[in-house]
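compute the structure for the input listed below.
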Amino acid sequence: MSSTVVNFEFEKETKNSVRYKEVPEEGKAPIVGSIYVQKWFAGSSKNIAISIEKKD
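Got it, this is the predicted structure:
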């Protein structure tokens with residue numbers, strides 16, 4: 001089992017959510033791309049990080 005942390009930065013705000021785009025590590029392709037997070041949780045955060053765990 002392995003895990004990685006993916007960093008995201010603010011991209012745009014929609015009616016009920018905030019869109020974040022992935023900031024890939026130098027020389028690597030994006031893992032997730034973009035995600036939408038509900039405004040009630042995201043608040044005014046400009047950067048978020050998500051941990052992803054692979055279960056083999």
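
list the beta-bridge partners for the spatially most central residue of the chain.
Among the residues of the chain, residue 8 comes closest to the average C-alpha position under C-alpha atoms, centre = their mean, at 4.0 Å. Following DSSP bridges, residue 8 is listed with bridge partners residue 22, residue 48.

before we move on, what about residue 13?
For residue 13, the beta-bridge partners under DSSP bridges are residue 18.

what number of residues lie near it?
By the criterion of other C-beta atoms under 10 Å, residue 13 has 12 neighbours. C-beta: built from backbone N, CA, C; applies to glycine.

now residue 16. Nearest residue, chain neighbours left out?
residue 39 (5.8 Å; C-beta to C-beta, 6 or more residues apart in numbering).

wouldn't the one you found be in contact with residue 45 here?
No. Counting by C-beta atoms under 8 Å, residue 39 does not reach residue 45; the two are 10.4 Å apart.

mind listing the shared neighbours of the two?
Shared contacts of residue 39 and residue 45 (C-beta atoms under 8 Å, 6 or more residues apart in numbering): residue 18.

coming back round to it: what's the local residue count around the residue nearest to residue 16?
By other C-beta under 10 Å, 14 other residues sit near residue 39.

tell me the pLDDT of it.
Here, the pLDDT recorded for residue 39 equals 96.

list the contacts of it.
13, 16, 17, 18.

by neighbour count, which of those residues wins?
Neighbour max across the contacts of residue 39 (other C-beta under 10 Å) = residue 18, 22 neighbours.

check it and give its pLDDT.
So residue 18 comes in at 97 (pLDDT).

next one: residue 11
You'll see residue 11 listed with a pLDDT of 97.

report the backbone C-alpha coordinates of stretch 36-54 in CSV.
What follows is stretch 36-54, C-alpha atoms only, in CSV (Å, rounded to 0.1, in the frame of the first residue of the first chain):
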residue,chain,number,x,y,z
TYR,A,36,-14.4,20.7,-7.1
VAL,A,37,-14.8,21.3,-3.3
GLN,A,38,-17.9,22.6,-1.7
LYS,A,39,-17.7,26.3,-0.5
TRP,A,40,-18.8,25.4,3.0
PHE,A,41,-15.6,23.4,3.4
ALA,A,42,-13.2,25.2,1.2
GLY,A,43,-13.9,28.7,2.6
SER,A,44,-11.3,31.1,1.4
SER,A,45,-8.4,28.6,1.0
LYS,A,46,-6.2,29.3,-2.0
ASN,A,47,-4.3,26.0,-1.6
ILE,A,48,-5.3,22.5,-0.5
ALA,A,49,-3.6,19.2,-0.2
ILE,A,50,-5.3,15.7,-0.6
SER,A,51,-3.7,12.4,0.4
ILE,A,52,-4.4,9.5,-1.9
GLU,A,53,-3.8,5.9,-0.8
LYS,A,54,-3.4,3.0,-3.3
